[in-house]
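# Kindly return the folded structure for what I paste below:
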Amino acid sequence: MLILGISGSPRPEKVSGTYRLVRRVLEATGLNYELVSLRKKHIGGCIACLGCAKDNVCKVEDDLAALREKIVTADAYVIGAPNYYSGLNALTHAFLERWFQFRHQEGNLLWGKLAVAVGVGGTQGHFPADDLERFLAYNFIETVAKVSAQGAASCYTCGYGDTCKVGIPYLLGGQEGQKFTEETIPDVEKDPACLQAAEEAGRLLAKRLTQGHDRNAVTARMQQAMMAKFSESA
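Next comes the predicted model:
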């Protein structure tokens, strides 16, 4: 059994709150996992060419091609993304757009699998976590838990955050001319509630996977939920 972890953060792994929080969830499962960072990968959005319609294989040649088999063979996913303008960042969005390749002709390669969605933002992380859940639902993947956290906004390291009056530190109640220290810069690993939520999510995912996980049953529930959602907007 293998869980695929995906970090959509462009930041280096050692400083990325998204990467570290995804890793925390994966470690808490106690199961085999692989963690892939999308950082520096070249993955474009879906170009609607429909080249994948016949065989459910995307024909766009970029770095997603090497990840396709990992996506298909994984039993579950832990996917994390940073908050950009109250939503997913472009790289993670493009990565998930390309999962359109799995949906043709009742393609069931991903149906009924499970996932944990992780969102990290300079203020809040629930926006990208909610977006991740929505993307996964289109492939009838159930998000069993969402973990959101406050990380370090770019304002803390841009060089102007201590004086900028529209930056995140100031808007969060800081003062002009404030000096940032290791203690005052937000970090997911210094937030006990966040870490507890990540570990609980990992344990829940492992429990669901190892105690009679029925992909057909999950698929049926997810299909019903999606059809209900479509009918509301019809």
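# which residues of this structure fall in strands?
Here the chain has its strands, by DSSP state E, at 2-7, 32-37, 76-82, 114-121, 142-150.
# can you give me how far the first one is from the chain middle?
Going back to what we said before, that points to strand 2-7. Relative to the centre of its chain, strand 2-7 is centred 10 Å away, using Cα atoms, centre = their mean, to the nearest Å.
# quick check: domain ranges of the protein?
Using automatic domain parsing, the domain parsing of the chain gives 2-151+188-233, 154-185.
# now the end-to-end length of the first one.
Spelled out, it's domain 2-151+188-233. Using Cα to Cα, to the nearest Å, the end-to-end distance of domain 2-151+188-233 comes out at 36 Å.
# Pull out the buried positions in stretch 107-127.
Using 16 or more other Cβ atoms under 10 Å as the test for burial, stretch 107-127 gives 110-122, 125-127. In short, each C-beta sits where N, CA and C put it, glycine included.
# Find me the pLDDT at Ile3, would you?
If you check Ile3, the pLDDT there is 98.
# what's the answer for Glu200, then?
Reported pLDDT for Glu200: 98.
# what sits against it?
For Glu200, the contacting residues are Ala28, Ala145, by Cβ atoms under 8 Å, 6 or more residues apart in numbering.
# give me every residue that touches the nearest residue to Tyr160 once chain neighbours are set aside.
Of all residues not flanking Tyr160 in the chain, Gly167 sits nearest, at 7.2 Å (Cβ to Cβ, 6 or more residues apart in numbering). The contact partners of Gly167, by Cβ under 8 Å, 6+ apart, come to Ala153, Cys155, Cys158, Tyr160, Gly161.
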